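**Student:** whatever this is, show me its structure:
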Amino acid sequence: MKTGKITALLLVLITISASLYAQEKELVVTYKYDKVHLRYEDLKSKEPIKDNESTKFFKVYTYENFCLRQVGIRVAGRIDFKSGFTVMDTTYKHNLVDYTKGQMWHIASIQNAEFARYVKEPLNLFKWKFEAVTKDILGYKCAKATCTFRGRDYVAFFTRELPFKAAPWKFHALPGVVLEVYSTDNIVKWEAQSLKVRHRQPHPEIPSASDEVITLKEYLKLLKHSKLNEEDGHNKTILKFPDFSEQLKLTHKNSNLPNSIEIFDLDKP
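**Tutor:** Residues are numbered from 1 along each chain as shown. As a prediction, this is how the structure comes out:
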């Protein structure tokens, strides 16, 4: 009986210690991101070839119940359609996750369209299936999970050996730190390159202004509008250069290959 009480007390102390440790510290994960871009080498060929984009690296900062991914791009010359003026924005943006509220905010990216800075979505988007497979990554034992999400099948490896939660992109519903995730069609892959625990640093607050946040439904409407504008401009180009109409049609068709991570059917209501 005494042994059981001592064991229970030790477990409580370990839990409290881990909680305090996570609150005082933050984990910085550096990920390597590879994306394969599909394109046509010959306009007359219908067989796509794979052309690797340059590898990108980004960092995820996680502490307490929050996780932030720093996006290493700056926005310049963003057009404000209401005023007609060009707004210069030179601040770094972040994707944010609030584990307590079960919400995440990701930066929208639509060219030549009026859109808010963040798309708000629920955290638990992925229906993960856990498998009895393990893998060692950066010295940590990782468990395997699989899922299907918006047009792609994914495999992820995550570890429970750290008192944090962290993940690249939107893979935040797994109970631990995701150290590797990739699509089974080999289009996208994220790999953790390094882990660093440090004292918590100040980070930006979660966006709350109505002009900064939109829903996924609103985002898809803007995406569809942008696509229609692109098709209209393409059709006008064909009318202007009728001798090259077939080549232009084929080029435009090729440019609409599913190169985005998420594949949406914009024709659905």
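**Student:** helix, strand, or coil at residue 219?
**Tutor:** The three-state label given to residue 219 by DSSP: H, G, I helix; E, B strand; the rest coil is helix.
**Student:** thought it was touching residue 118?
**Tutor:** No. With contact defined as CB atoms under 8 Å, residue 219 does not reach residue 118; the gap is 9.6 Å. Glycine gets a C-beta too; all of them are placed from N, C-alpha and C.
**Student:** report pLDDT for residue 57.
**Tutor:** At residue 57 the predicted local confidence, pLDDT, stands at 85.
**Student:** run a quick neighbour tally on the closest residue in space to residue 188 that isn't next to it in sequence.
**Tutor:** Counting by CB to CB, 6 or more residues apart in numbering, residue 188 lies nearest to residue 35, which is 5.1 Å off, once chain neighbours are set aside. Other residues near residue 35 number 17, with proximity taken as other CB atoms under 10 Å.
**Student:** wait, residue 35 sits on residue 186?
**Tutor:** No. Shown here, residue 35 and residue 186 do not form a contact pair, counting by CB under 8 Å, at 10.2 Å.
**Student:** now the common contact residues for these two.
**Tutor:** Residues touching both residue 35 and residue 186 (CB atoms under 8 Å, 6 or more residues apart in numbering): there are none.
**Student:** what pairs with whichever strand or helix holds residue 94, parallel or antiparallel?
**Tutor:** When secondary structure is defined by DSSP states H and E, residue 94 falls within strand 92-98. If you go by DSSP bridges, strand 92-98 pairs up with strand 66-74 (antiparallel), strand 103-107 (antiparallel).
**Student:** quick one on the thing from earlier: can you pull the contacts of the residue nearest to residue 188?
**Tutor:** Contacts of residue 35 (CB under 8 Å, 6+ apart): 53, 56, 187-189, 261.
**Student:** who touches both of residue 219 and residue 118?
**Tutor:** residue 108.
**Student:** show the pLDDT at the closest residue to residue 177 other than its chain neighbours.
**Tutor:** Setting aside the residues directly before and after it, residue 177 is nearest to residue 166 in space (CB to CB, 6+ apart), at 4.6 Å. The score at residue 166 is 93. That number is its pLDDT.
**Student:** for residue 220, which non-adjacent residue is spatially closest?
**Tutor:** Closest residue in space to residue 220, ignoring its immediate chain neighbours: residue 264 at 6.0 Å, by CB to CB, 6+ apart.
**Student:** against residue 147, how distant is that neighbour?
**Tutor:** According to CB to CB, to the nearest Å, residue 264 and residue 147 sit 17 Å apart.
**Student:** the strands in the stretch 151-269 of the chain, which residues?
**Tutor:** Using DSSP state E, counting those that start in this stretch, the strands of the stretch 151-269 of the chain run over 152-159, 177-183, 188-199, 213-215.
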